[in-house]
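**Q** 3D, please:
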Amino acid sequence: MEEEREEPDPNAALSSSLVPSNNARPTLRVQKLPSGKRFPFKLYSMLQDNTVERYVMWTEVEQQDALLIPDLEAFVANVLPKHFKEMKKLSKTVK
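**A** Model prediction:
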């Protein structure tokens, strides 16, 4: 009999730990993090997305790494809704 496994949510930030199960193999428990703790994961994911390179990029300022957003309006319109789903909800309530 095959054991069904729940697919993890790719948009959720993960905190993992090994959990003993009735099998000999350990299983991975997926736990959603509170909203504030997901931000670094979402930011990292956003910066790895090649489609947003013209809206946000890494640069160096005074020998320090920094994020550069050349056109803030384009960034808010094109990047935030894609990577931060709660921005869609917020923009609908603000209108």
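**Q** Pull up the distance across stretch 43-55, start to finish.
**A** 13 Å (C-alpha to C-alpha, to the nearest Å).
**Q** quick one: buried residues of that stretch?
**A** Met46, Val52, Tyr55 (16 or more other C-beta atoms under 10 Å). Every residue, glycine included, has its C-beta placed from N, CA and C.
**Q** phi, psi of the second one?
**A** When you say that, I think you mean Val52. Dihedral angles of Val52 (phi, psi; degrees, to the nearest 10) stand at phi -110, psi 10.
**Q** ok, it to Asn78 distance?
**A** 8 Å (C-beta to C-beta, to the nearest Å).
**Q** The last one too?
**A** From Tyr55 over to Asn78 the distance is 6 Å, taken as C-beta to C-beta.
**Q** Helices of the chain, start to end?
**A** Per DSSP state H, the chain has helices spanning 35-48, 72-78, 80-83, 86-94. These are given in chain order.
**Q** ok, the residue nearest to Ala66 when sequence neighbours are not counted - contacts?
**A** Nearest non-adjacent residue to Ala66, counting by C-beta to C-beta, 6 or more residues apart in numbering: Thr59, 5.5 Å away. Thr59 makes contact with Asp65, Ala66, Leu67, Leu68 under the criterion C-beta atoms under 8 Å, 6 or more residues apart in numbering.
**Q** Trp58 is in contact with the last one, correct?
**A** Yes. Distance between Leu68 and Trp58: 7.4 Å, which falls inside the contact criterion (C-beta atoms under 8 Å).
**Q** how about low-confidence regions in this protein?
**A** By pLDDT under 70, the weakly predicted segments of the chain are 1-36, 86-95.
**Q** Could you count how many residues lie near Val79?
**A** A count of neighbours around Val79, defined by other C-beta atoms under 10 Å, yields 19.
**Q** that older thread, make CSV out of the buried residues of stretch 43-55 and add distance to Phe39.
**A** Shown next, in CSV, are the buried residues of stretch 43-55 (distance: C-beta to C-beta, whole Å):
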residue, distance to Phe39
Met46, 10
Val52, 16
Tyr55, 18
